[in-house]
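Trainee: for reference, the sequence and a predicted model appear below.
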Amino acid sequence: MALAITSPAHTPGPWTLDPGECVVYDVPVKLGVAKVLTFAGTAEEHLANGYLIAAAPQLLFACKELFSDRELFSSLSRVYGEERAGTLWALFKAAIDLAEGGE
């Protein structure tokens, strides 16, 4: 069961990071989406945070796709056991909720 693609409330992806400016842009228009704060931490942390932010639209889509596939849950249960599969399912749900403004 595939997830129906609907218009997201966020700026649609894909996004990319300009590592020199630590700014995340959406690819089609190069409209700024996020600025990575660089006053604390290391340059490596700043870049890692920027790349993670840039991957957010794809990660959210992947989580929604996986979460909507009940056959996948059955497969996970068979491979990892029901408890581990339930934990993974809860992590997918929590990530989706957080990304969509929930808790």
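Mentor: In hand now; what should we look at? Numbering: from 1, shown residues only.

Trainee: for whichever strand or helix holds Gly50, packing partners?
Mentor: Assigned by DSSP states H and E, Gly50 falls within helix 43-67. Packed against helix 43-67 by the contact rule (3 or more Cβ pairs under 8 Å, 6 or more residues apart in numbering; DSSP states H and E) you find strand 15-18, strand 23-26, strand 32-35, helix 82-99. Yep, even glycine has a C-beta here, placed from its N, CA and C like the rest.

Trainee: can you list those in CSV and add distance to Ala43, mean neighbour count and mean pLDDT?
Mentor: CSV is the format used below for these (distance: least, Cβ to Cβ, whole Å; neighbours: other Cβ atoms under 10 Å; pLDDT from 0 to 100):
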stretch, distance to Ala43, mean neighbour count, mean pLDDT
strand 15-18, 13, 19, 94
strand 23-26, 15, 20, 90
strand 32-35, 15, 15, 90
helix 82-99, 26, 14, 89
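
Trainee: which among those is found nearest to Glu44?
Mentor: strand 15-18 (13.3 Å; Cβ to Cβ).

Trainee: so what does the closest one touch, helix or strand wise?
Mentor: Helices and strands touching strand 15-18, by 3+ Cβ pairs under 8 Å, 6+ apart, are strand 23-26, helix 43-67.

Trainee: tell me which of the ones you listed is the most buried.
Mentor: Burial of the helices and strands packed on strand 15-18 is given as mean neighbour count (mean count of other Cβ atoms under 10 Å); strand 23-26 ranks first at a mean of 20.

Trainee: that concludes my questions; thank you for your assistance.
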